[in-house]
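Peer 1: I need the structure of the sequence given here:
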Amino acid sequence: MRFSWRRFFALVCVLVFVLSLPGLLSRWNVEKNRRSSVILVDWSQIPPLSVESGNSIEKTLQMLVDSGSRGIMIGEFTGGELENGELPLWYGPLEDLPVRVLSSLPEGLAGTALMFDSKGAYAETWRDFLSLRFPHGSHSTVDGKSVFVVPFSRQTLVARGILPDLRGLEIAAKLSLPVIYRPAPVGTQSSETVVNPLKLICERFPNVVGLSPSGEIVAGYPDIKGLAAIVRERNLFVTQVEFSRQIGDKPLQWAVWPKILSLHSVTDEEVMSRRIDRKTMVDRMVRAAAERSVSLLLFRVDPLGGGRDPLKRYSSDISELRNRLADRGIDDRWPSPMPDWGSSPTGALAMVLICLLTLWGLARRFKGVEDDVSIKAILFFTLLSVLLALISLRVSSAAKLIGGFTTAFVASEAVLIALEGWKKPGRALIAGPLVAILGGMAVGSFHSAPLYMMRLIPFSGVKLTLFLPILVVLFHDLHRKVHPENIGELMGRPPIWGEIFIAGFLVAAAGLMVFRSGNVSSVPGWEIAMRDALEDLLVTRPRTKEAFLGYPCLMLWFYVRRNDWIPRYREVLRLGATVAFSSLVNTFCHFHTALYITFFRVFNGWWTGILLGLLAIVVLRFCFLPFIMKYGRGAEA
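Peer 2: Coordinates of the predicted model:
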């Protein structure tokens, strides 16, 4: 007994859709119940802001809370900051101390000294903190002054944390404002010099709710067990800063899992270098919360300045951000870490089914097979799918490998389905994207687990999906002579300059796409402005590769193929169309993006790409071709 391949293909697609639903629904419910993002302010900006506005620090901070901020980040002073006079104490080389003080200290000391009033408001906590941060240091009291000698040079301490910002901690506690504490690096010192001072801070300031280590390296790394233990003991969380390249952040997040909350911030350096205006900044924060479900938004004072009342402007910006978040249905309750659940078993089977189905379809295309499929083949297909699904659930490396190739195979088969439907383009514009969506749903269903959604386990198929489908379509077209020549004929004749130019352009374009994938810094300013405009217009912008390249190329392919024009060069359009389907499948692989945003983005890319494709056809038909016919060698050249 045999079955029609098309009927079998359609049946498996329906099964994939049904099997994908449980995993996607679990993710949907979590995303629906975690619609909260908190606006944070940076304590280091509050004192100068209060001076400029003429208000007290407490009043300044309360105004920001009234505007919509719900938390504050407070860090530690480094040696470099103490040298700049950030605290009311003496800091410098030991030998620069007054002679009377220096002569009263024990002999044999060397390093850097801190001297402060022994009865000052922060003296007791400073002494306790310093003795824990520098256990080999020396403390003495001379003429009512506390002198603590740190056994390191000033150069060594420039980027190391020395003292906490107690004034910020006390004012935040007075206002009952939750604090995310930022322990600074400690260099070569042991992890105990991070853990013990942190315990002191948490005991004296119970409003510390989370940790966000500062600097280029996590404090105490590589020994982060003690830091992770404090997080668990005191029910804290660790921030996961977007686009961070901090050394040790991922090991710390793994050690405290699932006590993690995502955080989005933009540094003053980035604002200045990219000249990010305030509207764009607010837009970025809104997108981070709405599209990527970011829990914490660190919203700083605008470094570009402007206006006579910076506090009023800053408060207005916070209020605008809070209102826009509310308009998106995002409240300001303090979020909780995402609950942990495993990968969906039905999602694993759906992913493997669509992977093997599209691989089988590609193999049939290359061989030119048109016959039906047998019961034995279907039975083998089913057993192999179940086996690989079980392996995916048990072996994470196998799951990543299968997931990566699934996206590539699905995109390849989907674009070939669309391309071969040039006689009925309306049907092709539905069938091809539908297969790609089903593949994306299947991969998303299996990987819709917190470890993937929080990007602790990166998905390895994004770059593979960008270039492998292009190679598949190219070799398919050369092998099946969709292009007028096969590989042997193409290699056996002298090259044509036009083909060389196009080949070089395609290689450069493919390299640029792979490089830009996940590389935000490589996106030029004009494209960012265009994206922002599309965001304002369509709520969720389409992917650029779909709307401006892939679908327009597909529409142009339909047109030139139906008219049998430029047979030697229309392969470029087929390869360009491939980009749309690779991008579509990859959209579903952004597991941190809310599902409704994913579907909305895919839809927007589809219809805008079709409209731009129709516009391109009009330009080709009524502008470009008449010009060629009149001044060139004709459309057949």
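
Peer 1: where are the low-confidence patches of this protein?
Peer 2: The model of the chain has pLDDT under 70 over residues 1, 306-307, 484-536, 539, 627-637.

Peer 1: Would you map the strands across it?
Peer 2: 2-3, 38-42, 69-78, 90-93, 112-117, 138-142, 145-150, 161-164, 179-182, 208-211, 237-241, 260-265, 296-298, 373-374 (DSSP state E).

Peer 1: Any chance of the backbone angles for residue 106?
Peer 2: phi -60, psi 150 (degrees, to the nearest 10).

Peer 1: hmm, back to that, can you say which of the strands of the chain is nearest to residue 473?
Peer 2: strand 373-374 (23.5 Å; Cβ to Cβ). (Each C-beta comes from the backbone N, C-alpha and C, glycine too.)

Peer 1: mind putting the strands of the chain in a markdown table, distance to residue 390 and mean neighbour count included?
Peer 2: Formatted as a markdown table, those follow (distance: least, Cβ to Cβ, whole Å; neighbours: other Cβ atoms under 10 Å):
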| stretch | distance to residue 390 | mean neighbour count |
| --- | --- | --- |
| strand 2-3 | 25 | 14 |
| strand 38-42 | 41 | 23 |
| strand 69-78 | 44 | 23 |
| strand 90-93 | 62 | 17 |
| strand 112-117 | 60 | 21 |
| strand 138-142 | 62 | 15 |
| strand 145-150 | 58 | 23 |
| strand 161-164 | 49 | 26 |
| strand 179-182 | 42 | 24 |
| strand 208-211 | 38 | 22 |
| strand 237-241 | 31 | 22 |
| strand 260-265 | 29 | 23 |
| strand 296-298 | 38 | 26 |
| strand 373-374 | 24 | 15 |
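
Peer 1: Save these as TSV, and put in distance to residue 32 too.
Peer 2: Output for the strands of the chain, formatted as TSV (distance: least, Cβ to Cβ, whole Å):
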stretch	distance to residue 32
strand 2-3	40
strand 38-42	18
strand 69-78	21
strand 90-93	52
strand 112-117	52
strand 138-142	55
strand 145-150	51
strand 161-164	39
strand 179-182	26
strand 208-211	24
strand 237-241	21
strand 260-265	17
strand 296-298	20
strand 373-374	41
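
Peer 1: closest to residue 360 out of those strands?
Peer 2: Here strand 373-374 is closest among those (Cβ to Cβ), at 8.5 Å.

Peer 1: In terms of secondary structure, what does that closest one contact?
Peer 2: With contacts taken as 3 or more Cβ pairs under 8 Å, 6 or more residues apart in numbering; DSSP states H and E, strand 373-374 sits against strand 2-3.

Peer 1: What is the strand it packs on packed up against?
Peer 2: So strand 2-3, by 3+ Cβ pairs under 8 Å, 6+ apart, packs with strand 373-374, helix 375-394.

Peer 1: Residue 598 is nearest to which of the strands of the chain?
Peer 2: Here strand 260-265 is closest among these (Cβ to Cβ), at 17.3 Å.

Peer 1: Give me the contact list for that closest one.
Peer 2: 40, 210, 212, 237-242, 253, 284-285, 288-289, 292-298, 300, 335, 337-338, 454, 456, 592 (Cβ atoms under 8 Å, 6 or more residues apart in numbering).

Peer 1: now the angle from it to strand 237-241?
Peer 2: 40 degrees (axes from the mean of the first three to the mean of the last three Cα atoms, to 10 degrees).

Peer 1: Next, the angle from strand 260-265 to strand 38-42.
Peer 2: Computed by the same axes, to 10 degrees, the angle between strand 260-265 and strand 38-42 is 60 degrees.

Peer 1: Paired strands for strand 260-265, with orientation please.
Peer 2: Strand 260-265 has its sheet partners listed here by DSSP bridges as strand 237-241 (parallel), strand 296-298 (parallel).

Peer 1: Out of the helices and strands packed on strand 2-3, which gets nearest to residue 567?
Peer 2: Here strand 373-374 is closest among the helices and strands packed on strand 2-3 (Cβ to Cβ), at 32.8 Å.

Peer 1: that older thread, now render the strands paired with strand 260-265 as TSV, adding distance to residue 549.
Peer 2: Listed next are those as TSV, based on distance: least, Cβ to Cβ, whole Å:
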stretch	distance to residue 549
strand 237-241	32
strand 296-298	32
